[in-house]
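Student: Generate coordinates for the sequence data below:
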Amino acid sequence: MSGFDYVLDSMNECNRLELQAAIDGLDRHLRHLPRLSQARILDAGCGSGALARTIASSHPHWEVVGVDLKPPYVAYAQGRGREAQLDNLAFMQGNLQALSFAAATFDIIWSRFVLYFLPDPGAAIAEFKRVIRPNGRIVVTLHSLSSMINYPEDPSLQDRQRRVFDGLADMCLAPKLPSMMLAGGFRDISVEIELDRIYSTLGQIEPSSRKNIEDVFKAGINRITDILGSRDEADLFVRDSLNYLDRNDTYTYSLLWTIKGSAPGSP
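Tutor: Numbering: from 1, shown residues only. Take a look at the predicted model:
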């Protein structure tokens with residue numbers, strides 16, 4: 001299966017992902033990992049490698065492998081891994097919809113903020129099932145309706161936001177995923193829903209969060225232009241969205257879904 005065009009691809013994307021990781025605070029999400037003395041874990045769609053580095057530094061006896069479709073992202077992640085002097089960490093190029101690993105290679109697979117960008121997330125779930133070991137654990141983290149839940153609503157902006165964000169990614173994938181994972185052969189499915197820190201803001205948005213959202217818009221401007229019909233309309237949408245977030249009387253929030261499951265044991 002061929003690759004795909006990542007809609008937010010840009011020369012700045014790895015720097016944005018590092019900023020996003022800092023806003024979110026990755027350490028707090030390590031609670032989703034099983035307690036194992038040793039494990040081989042795949043960070044599926046590793047981007048800048050921030051999550052993989054966090055896991056590798058917190059679990060020095062684990063082997064952590066990050067995979068991303070974009071060679072420049074892999075090179076960036078490798079460089080940051082060398083800077084951190086993490087000997088248990090490696091990165092490679094790969095397509096989540098057609099992984100190059102042999103069957104039953106990993107004890108844990110974690111895919112964070114990736115599957116809703118794929119043309120066929122079901123194919124990635126099938127690949128995860130193939131390369132995970134019996135009784136292995138899977139963790140998938142996705143935003144749901146990112147930056148589309150606002151109060152007070154601006155009807156014109158709300159309609160455009162839904163069109164734009166639905167055009168950038170499948171922002172409704174998270175609620176579908178538990179059933180997809182169950183149909184894909186995983187069991188013991190659980191779901192945790194919490195307030196996302198990256199795209200949620202009460203009152204005037206913090207500068208770092210504003211920059212992250214602005215960089216998302218910059219990277220996706222060509223797709224936004226296609227969705228709204230002209231570059232002028234795309235630029236207006238970006239201005240209106242940022243102006244809304246700059247207000248003191250608004251609340252915008254996003255929900256963060258973490259869906260976990262396990263592979264069946266040996267026959």
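Student: Number of residues surrounding residue 231?
Tutor: Neighbour count for residue 231, taken as other CB atoms under 10 Å: 12. Yep, even glycine has a C-beta here, placed from its N, CA and C like the rest.
Student: Relative to residue 59, how far out is it?
Tutor: Residue 231 sits 46 Å away from residue 59, taking CB to CB, to the nearest Å as the criterion.
Student: pretty sure residue 111 belongs to a strand, no?
Tutor: Yes: counting by DSSP: H, G, I helix; E, B strand; the rest coil, residue 111 is found in a strand.
Student: Do I have it right that it meets residue 125?
Tutor: No: counting by CB atoms under 8 Å, residue 111 stays clear of residue 125, with 9.3 Å between them.
Student: Tell me the strands beside the one helix or strand residue 192 maps to, with direction?
Tutor: Per DSSP states H and E: residue 192 is located in strand 187-195. Using DSSP bridges, the strands paired with strand 187-195 are strand 251-262 (antiparallel).
Student: got a pLDDT number for the residue sitting nearest the centre point of the chain?
Tutor: What sits nearest the mean C-alpha location of the chain, by CA atoms, centre = their mean, is residue 113, with 1.1 Å. If you check residue 113, the pLDDT there is 96.
Student: Would you confirm that it contacts residue 143?
Tutor: Yes: judged on CB under 8 Å, residue 113 makes contact with residue 143 at a distance of 6.8 Å.
Student: the strands in the stretch 51-200 of the chain, which residues?
Tutor: Applying DSSP state E, counting those that start in this stretch to the stretch 51-200 of the chain gives strands spanning 63-68, 89-93, 106-112, 132-151, 187-195.
Student: before we move on, the earlier item: what strands line up against the helix or strand following the strand holding residue 192, and which way round?
Tutor: Downstream of strand 187-195, the next assigned helix or strand under DSSP H and E is strand 201-202. According to DSSP bridges, strand 201-202 forms sheet pairs with strand 251-262 (antiparallel).
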